[in-house]
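Enquirer: Give me the fold of what follows.
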Amino acid sequence: MSELFDYKCPSCGGAIQFDSHSQKMKCPFCSSEINVDALKSQDEALDSEAPDTMDWSIKPGSEWEESEIENMMLYTCRSCGGEIVGDKTLAATSCPFCDNKVVIASQFKGDLKPDFVIPFKLDKRAAKDGYFKHLKGKFFLPKVFKEENHIDEIKGLYVPFWLFDAEVDAAVRYKATTVDTWSDSNYYYTRTNYYSVYRAGSVAFDYVPVDGSTKMDDDLMESVEPYHYNEMIDFKTAYLAGYLADRYDVNANESITRANQRIKRSTEDVFASTVVGYTTIVPVNSSIQLQNGQARYALCPLWLLNTTWNGKRYVFAMNGQTGKFVGNLPMDYKKVVLTFLLIFVVTALSTFSVLQFLKK
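Expert: Coordinates of the predicted model:
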């Protein structure tokens, strides 16, 4: 079993957690506040701990199927001794028996330890407020979505990201046109001129993000961007207390393809913005050469909200640093039909009234 890493209040011994408002560790029992740097010694202990020994002793007849235990891990809470079952990417959670906020130390040893973390700046109340603000003005939204008790779950989660830096030498060729039109007393004229446009240069990229978790939808994670990476700080496990956290299960090498796609698309957009004065611009081909590339591992804050309607699950996300809120909403088609019928009836009555008036 792996050992859990928790933080105790020096005043009352209660479990403390990171507070997004004060940016300090705070005890929910006696309200004591502790600077995160004061807990640095616990982080240093991570590097000196011996690796886990995963020796199983199972009696004949009680073995798990390999597919059942492939992604299962068992953890022990230091406060109450309760056992927590989770998958291999679980990095921070709460004990289901005593609600102690714990960090799983083994997930942050060696090459698994993040380089940076962006601490939460917004709390659960802000996530709820963001949800209801997201619903405003959605006339065709099912009424039940506007009820607070319809939210199935709200959880604060640190999502693993790979941040890629690179220098790019690029060359892009475009097919462009200009179109002129004029007329005389007899004809309308159109003249189209065709051009070959070439752009070449260098662009530097810092912190191109690619989420490192297979659990997170890539499109959803790109939708909550951007994070302000200038506010990143060196990783300390104390920031995870009170939140869920996953470690990456997609490594840096496996993330390169997506990083390249984002860099290539951004490079082409930057170069295209310099091609002006034409009616149409179509890229013909591009050459992107990367150099001095490197990847760093960071944890970024995210609030996840789940709700269900008509048997379908809807997931919403809010950037825990900036408050940007995203998520698709369903439509109540009964409202759509009734609204259409109402408009049709009102239009028909109005037309009938006008015709009657003209007959007079």
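Enquirer: For residue 126, what is the enclosing helix or strand?
Expert: Here residue 126 sits within helix 124-135, counting by DSSP states H and E.
Enquirer: actually residue 295, not the one I typed
Expert: In this structure, residue 295 is located in strand 280-309 according to DSSP H and E.
Enquirer: Spell out which strands sit alongside that strand in the sheet and which way each one runs.
Expert: When pairing is defined by DSSP bridges, strand 280-309 lines up against strand 116-117 (parallel), strand 151-183 (antiparallel), strand 312-319 (antiparallel).
Enquirer: ranking the ones you listed by burial, who's on top?
Expert: Comparing those on average neighbours per residue, with mean count of other Cβ atoms under 10 Å, the densest one is strand 116-117 at a mean of 20. Any C-beta I mention is one placed from the backbone N, CA and C, and that applies to glycine too.
Enquirer: what is the mean pLDDT for that strand?
Expert: For strand 116-117, mean pLDDT is 90.
Enquirer: swap in stretch 178-189?
Expert: Summarised as a single mean, pLDDT over stretch 178-189 is 90.
Enquirer: same thing with stretch 284-292?
Expert: 86.
Enquirer: Please apply the same query to stretch 218-234.
Expert: The pLDDT scores in stretch 218-234 average 91.
Enquirer: Residues touching it, excluding its own?
Expert: The contact list for stretch 218-234, computed with Cβ atoms under 8 Å, 6 or more residues apart in numbering, reads 115-119, 159, 163, 206-207, 209, 211, 258, 298, 300, 302, 315, 317-319, 321-322, 324, 326.
Enquirer: same deal with stretch 187-196?
Expert: Counting by Cβ under 8 Å, 6+ apart, stretch 187-196 makes contact with 173-183, 278, 284, all of which sit outside it.
Enquirer: Name the nearest of these relative to residue 293.
Expert: Using Cβ to Cβ, residue 173 comes nearest to residue 293 of the contacts of stretch 187-196, at 24.5 Å.
Enquirer: Correct me if wrong, but residue 119 is in a strand.
Expert: No: in this structure, residue 119 is coil, not part of a strand, as judged by DSSP: H, G, I helix; E, B strand; the rest coil.
Enquirer: For the stretch 201-350 of the chain, which segments are assigned as helices?
Expert: Taking DSSP state H, counting those that start in this stretch to define them, one finds helices in the stretch 201-350 of the chain at 218-223, 252-272, 333-359.
Enquirer: Go through those and find the least confident stretch.
Expert: If the helices of the stretch 201-350 of the chain are sorted by mean pLDDT, helix 333-359 sits at the bottom with a mean of 61.
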